[in-house]
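Participant: I need the structure of the sequence given here:
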Amino acid sequence: MTVMLAVPIMLTISCQAQAKTKSLTVWTYDSFVSEWGPGGSLAKLYKEKTGTDVTFVSKGDGGALLAALLAEGNASQADAAIGLDNNLADKALSSGLFSPLNLKNLASVDKNLLIDDKNRLIPYDYGTFAIIWDSKTSITPPKSLEDLTRPEYRKSLILMDPRTSTPGLGFLAWTEAVYKDAWQDYWTRLAPSVLAMTPGWDTGYGLFTKGEAPLVISYSTSPAYHKAYENTERYKALAFSDGHPMQVEFAGILTSSKQKKEAEKFLDFLLSPEAQAILPETQWMYPANMTVNLPDSFSVIPQGITTIKAEVKNLEKDPEIAAAILSGQK
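Facilitator: The predicted structure follows:
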């Protein structure tokens with residue numbers, strides 16, 4: 001009987017070893033993994049559908065995420081990255097860190113958002129940068145980038161650092177698109193209007209909602225959050241006469257990942273209608289999948305927001321110059 005019992009015991013041990021839970025590590029940015037971000041919901045849903053655990057690791061904001069990826073190189077413990085944007089994409093692709101992808105749900109993604117014929121970076125959402133105004137303050141809302149330099153807006157604007165933050169970099173791209181080679185002069189004139197330049201969006205927008213300043217760089221979709229969760233239209237996206245730059249956010253799988261097939265399944269899931277439906281009221285961005293309907297909260301987004309093509313001319317130098325101007329070093 002002892003011999004007969006040994007067989008099922010050994011089989012049980014073997015089955016337990018085989019049943020070890022699969023897991024993926026995904027590097028991303030702060031707001032993606034915050035309590036109101038999509039990370040938790042996406043991980044839970046993917047676990048239910050596949051049995052695979054997804055661990056999100058925040059690396060700060062989008063710029064800091066790319067810096068961490070480049071610093072680690074092929075030694076990175078990440079399988080995938082979520083949160084690089086169109087201003088960072090060229091540098092990310094030229095690094096050779098990302099693998100080509102073949103995802104079935106790409107067929108439903110807006111083709112205008114695609115940037116790479118090998119699909120090493122795939123778009124999962126997009127939005128438009130805008131200045132958000134607290135309408136309960138006494139200031140008159142500005143109507144252009146130039147208006148922001150007026151004395152009445154002294155210490156009224158919160159920006160993010162273009163070296164570490166994608167909204168910060170987006171604002172820099174906006175000024176370069178409008179002012180061309182004179183963008184540095186614009187930043188010098190803008191400096192008195194800036195109350196703070198924070199490392200990331202989370203901190204900057206938090207200061208804004210605490211009432212530290214009446215204006216902040218964010219997204220035209222940001223008021224939808226306040227409508228959905230606070231039932232208020234107090235915070236308004238301002239339609240500037242300059243036009244507004246678009247941000248497209250991308251995800252990719254690292255060539256160093258030892259779980260490329262599983263990571264590819266996860267990114268395909270990220271583009272699925274089920275996952276994309278989570279993004280509008282957690283990311284507060286437009287879903288890349290064109291089959292997804294927008295929630296009612298998005299009705300507060302102004303119709304006068306027009307987009308312009310904007311990109312940072314010198315990604316290595318210009319963010320440093322901008323930060324130096326606002327810190328009074330130049």
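Participant: can you give me the strands in the chain?
Facilitator: In the chain, the strands defined using DSSP state E lie at 23-28, 53-58, 80-85, 122-134, 157-160, 194-198, 215-219, 235-238, 244-253, 286-287, 307-308.
Participant: which residues does residue 259 contact?
Facilitator: Listed by Cβ atoms under 8 Å, 6 or more residues apart in numbering, the contact partners of residue 259 are 22, 24, 79. In this view, the C-beta of every residue, glycine as well, is placed from N, C-alpha and C.
Participant: give me the below-cutoff pLDDT ranges for the chain.
Facilitator: Low-confidence segments of the chain, defined by pLDDT under 70: 1-20, 329-330.
Participant: quick one, domains of it?
Facilitator: In terms of domains, the chain is parsed into 22-126+248-295, 127-246+298-326 (source: automatic domain parsing).
Participant: if we can go back for a sec, would you list the buried entries among the contacts of residue 259?
Facilitator: Applying 16 or more other Cβ atoms under 10 Å to the contacts of residue 259, the neighbour count classes 24, 79 as buried.
Participant: show me which of the contacts of residue 259 is closest to residue 61.
Facilitator: Minimum distance to residue 61 across those is 20.7 Å, recorded for residue 79 (Cβ to Cβ).
Participant: could you check how far the most centrally placed residue in the chain is from residue 200?
Facilitator: Compute the mean C-alpha point of the chain, and by Cα atoms, centre = their mean the closest residue is residue 83, 4.6 Å away. Counting by Cβ to Cβ, to the nearest Å, the separation of residue 83 from residue 200 is 11 Å.
Participant: can you work out which residues contact both of the two?
Facilitator: Residues touching both residue 83 and residue 200 (Cβ under 8 Å, 6+ apart) are residue 29.
Participant: returning to that earlier point: excluding its backbone neighbours, what's nearest the residue nearest to the centre of the chain?
Facilitator: Closest residue to residue 83 in three dimensions, ignoring its sequence neighbours and counting by Cβ to Cβ, 6 or more residues apart in numbering: residue 29, at 4.3 Å.
Participant: what number of residues lie near the one you found?
Facilitator: Counted with other Cβ atoms under 10 Å, residues neighbouring residue 29 total 29.
Participant: please name the residues that touch it.
Facilitator: Remark: with contacts taken as Cβ under 8 Å, 6+ apart, residue 29 is in contact with 58-62, 64-65, 82-83, 166, 200.
Participant: do I have it right that residue 103 meets residue 264?
Facilitator: Yes. At 6.9 Å, residue 103 and residue 264 qualify as touching, with contact defined as Cβ atoms under 8 Å.
Participant: ok so, going back, if we only consider the contacts of residue 259, which is nearest to residue 231?
Facilitator: The shortest separation between residue 231 and any of the contacts of residue 259 is 36.8 Å, and it belongs to residue 24 (by Cβ to Cβ).
Participant: what sits against the closest one?
Facilitator: Counted by Cβ under 8 Å, 6+ apart, residue 24 has contacts 52-55, 79-80, 259, 262-263, 266.
Participant: which strand residues bridge it?
Facilitator: residue 54 (DSSP bridges).
Participant: from residue 255, how far out is it?
Facilitator: Separation of residue 24 from residue 255 (Cβ to Cβ) stands at 15 Å.
Participant: next: residue 102.
Facilitator: Counting by Cβ to Cβ, the gap from residue 102 to residue 255 is 15 Å.
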